[in-house]
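Colleague: What follows is a predicted structure for the sequence shown.
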Amino acid sequence: MMIGIQQFFQIQEKGSNLKTEIEASVTSFVSVVYIVAVNALILSQTGMSYNSVMIATILTTALSNMLMGLYAKLPLILAPGMSDNAFFTYILVGAFAFTWQESLSIVLIVGILFFLLTYFNITGKLLLAIPGTMIKGMSAGVGFFLIFLGLKNSEIIVSSPGTIVALNNIFQPVPLTMLLTLLIGLVLFIRNVRGNFLLTIIFGVIVSIVLGVTDIGSFSYSLIDTNSLEPFLFQFDFSNVFTVNYWIAVFSLLILVVFQNLGTQISFLNSEDPTILKKTLESNALSVVLASVLGCSSTCTSAEGATGITVGGKSGLTSFLVGIYFLFTILLIPFIALIPLAVISALLVIVGALLIAGNLKDIDFTDFTEYFPAVIMVLMMVLTFNIADGIGWGFTFYTFLKVCSGKHAAVSKIMYVLSGVFVAYFVLKFI
């Protein structure tokens, strides 16, 4: 059986082994499992049932990762994204004033369109037409985004009326938990200790208990009451499908979904090969469709999944096992609550730094028309807290500078189209 598993997932051919894949899957799972509670908390603000969304999130993440593992056979982790659930709650339901049922129908259409774009190799053509500088900028930007996300989630960086962001009191329990966990993680990482990320999480939870961030005194084990679940399957409402606002919302979410996943997958797989990305993006698109059916916001390639790749996960067994673990998550919800975001945030900072180092060095800093768009892209990903928005700024400035400098040949026809699409996206987003 073990031989059959290794052959199916091509584990040895990819330079890995069963032990490493299992370690990577556990690390990825522990890093991303917090989304079960967080996604339910955010989506419940739309009027959706908290417990129903929690079950929908578990099923969506489980089935999506099993699909990624079996079909694409690569270690990418799919889960409802933080930018996706924020878009669902604060843009679709909040700004556009759609009901959550109408918003789910928008997610369904976006998933179908995403799949068609990938199936007919339109995303592959996008990859071939996007300059190397922009691809490296996307990957480096994701790295900076991960670091900022970690600093924000651990309350080390907080909002400030005078300076937009500011350093918080790092001796408060939550920031201190993150810093101590980060120090532990850095020591384990630079000394190349086996299972360093998983050990970091374990030590981090212990630190969080000592500092009072995690309260084990009130811990009690109980399952979700099934009587509290409201209907969440196939809850679509297409009553506004013929309105202009409906399709503006579809277009906006499609831009977010396509480009945040394209940028993240390129950086995590360290590949621009359309044949490799085709299957991972198809899996991703089908998972968005699945999410809408199950009553959940759109999925994305999880940033936290990079932790498993960093410790050595190279095959689909990593993502498949994560899917299996999520099937049992309903039994582990009380224990999952013991892992605070501050601990996960420490891992995001380390992974983000690795992504930056691997990509920023390949940007041509001798040509202003090359590095300026990349710098703007990176900065806007962080400041807008949106990967797709950052990519849009970078692409638009790249085309603008190349045309103004007389280097028209450096800009492909598709880049002209993409720049126009992003300009339209920003116009529609704010009118």
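Modeller: Received the coordinates, thanks.
Colleague: Give me the pLDDT for the residue most central in space within the chain.
Modeller: Nearest to the mean C-alpha position of the chain, counting by C-alpha atoms, centre = their mean, stands Ser302 at 3.2 Å. Ser302 is assigned 88 on the pLDDT scale.
Colleague: and it, what is it in contact with?
Modeller: In this structure, Ser302 makes contact with Ser28, Val32, Ile35, Leu76, Ile77, Leu78, Ala79, Gly81, judged by C-beta atoms under 8 Å, 6 or more residues apart in numbering. Every C-beta, even on glycine, is put in place using the N, C-alpha and C of the backbone.
Colleague: can you tell me how far it sits from Thr366?
Modeller: Relative to Thr366, Ser302 is positioned 35 Å away (C-beta to C-beta, to the nearest Å).
Colleague: Val36 too?
Modeller: 47 Å.
Colleague: who's more crowded, these two?
Modeller: The neighbour count for Val36 versus Thr366, taken as other C-beta atoms under 10 Å, is higher for Val36 (24 against 7).
Colleague: isn't Met380 right next to Phe395, touching?
Modeller: No - judged on C-beta atoms under 8 Å, Met380 makes no contact with Phe395 at a distance of 11.0 Å.
Colleague: Same drill for the two, tell me which one is more crowded.
Modeller: Just comparing Met380 and Phe395: by other C-beta under 10 Å the higher neighbour count belongs to Phe395, 26 against 20.
Colleague: any idea which element the more buried one lies in?
Modeller: Using DSSP states H and E, Phe395 maps to helix 387-404.
Colleague: How about that helix, which residues are buried there?
Modeller: Of all the residues in helix 387-404, those buried under the rule 16 or more other C-beta atoms under 10 Å are 387-399, 401-402.
Colleague: which intervals of the stretch 251-400 of the chain have sub-threshold pLDDT?
Modeller: Scanning the stretch 251-400 of the chain for pLDDT under 70 picks out the ranges 271-274, 336-337.
Colleague: can you map out the strands along it?
Modeller: Along the stretch 251-400 of the chain, the stretches classed as strands by DSSP state E, counting those that start in this stretch are 299-301.
Colleague: Summarise which helices and strands the biggest helix by length in the chain is packed against.
Modeller: Counting by DSSP state H, the longest helix found in the chain is helix 244-269. Where contact means 3 or more C-beta pairs under 8 Å, 6 or more residues apart in numbering; DSSP states H and E, helix 244-269 is packed against helix 82-86, helix 100-119, helix 122-129, helix 132-153, helix 274-294, strand 299-301, helix 387-404, helix 413-430.
Colleague: quick one, phi/psi of Ile157?
Modeller: Main-chain torsions, Ile157, degrees, to the nearest 10: phi -110, psi 130.
Colleague: contacting residues around it?
Modeller: Phe148, Leu151, Val165, Ala166, Leu167, Asn168.
Colleague: buried stuff in stretch 10-20?
Modeller: Applying 16+ other C-beta under 10 Å to stretch 10-20 flags Ile11, Lys14, Ser16, Thr20 as buried.
Colleague: Pull the most distant pair out of these.
Modeller: By the measure C-beta to C-beta, Lys14 and Thr20 form the most distant pair in those, at 10.3 Å.
Colleague: can you list residues touching both of these two?
Modeller: Overlap of the contact sets of Lys14 and Thr20 (by C-beta under 8 Å, 6+ apart) consists of Lys314.
Colleague: thinking Ser220 is in contact with Phe335, fair?
Modeller: No - contact status for Ser220 versus Phe335: not in contact, 11.3 Å apart, counting by C-beta under 8 Å.
Colleague: Please identify which of those two sits among more neighbours.
Modeller: More neighbours surround Phe335 than the other of Ser220 and Phe335, with 12 against 5 (other C-beta under 10 Å).
Colleague: Tell me the spacing between that one and Asn51.
Modeller: For Phe335 relative to Asn51 (C-beta to C-beta), the value is 17 Å.
Colleague: Switch the contacts of Ser302 over to CSV; also include neighbour count, distance to Leu116 and pLDDT.
Modeller: Output for the contacts of Ser302, formatted as CSV (neighbours: other C-beta atoms under 10 Å; distance: C-beta to C-beta, whole Å; pLDDT from 0 to 100):
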residue, neighbour count, distance to Leu116, pLDDT
Ser28, 32, 29, 91
Val32, 25, 28, 86
Ile35, 24, 27, 84
Leu76, 29, 20, 94
Ile77, 32, 24, 95
Leu78, 34, 19, 96
Ala79, 31, 23, 95
Gly81, 25, 21, 82
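Colleague: Out of these, name the ones that lie in strands.
Modeller: If you go by DSSP state E, the contacts of Ser302 have Leu78, Ala79 in strands.
Colleague: What is the nearest of the contacts of Ser302 to Ser345?
Modeller: Val32 (12.9 Å).
Colleague: which one is the closest one nearest to, not counting chain neighbours?
Modeller: With C-beta to C-beta, 6 or more residues apart in numbering as the criterion, Val32 has its nearest non-adjacent residue at 4.3 Å, and that residue is Glu304.
Colleague: give me the number of residues near Ile22?
Modeller: By the other C-beta under 10 Å criterion, the neighbourhood of Ile22 contains 14 residues.
Colleague: Contacts made by the strand or helix carrying it with the rest, please.
Modeller: Using DSSP H and E, Ile22 maps to helix 18-32. Here helix 18-32 makes contact (C-beta under 8 Å, 6+ apart) with 2, 5-6, 9, 11, 61, 75, 77, 79, 194-195, 197-198, 201, 302, 304-305, 307-309, 311-315, 317-322, 325-326, 339, 344, 347.
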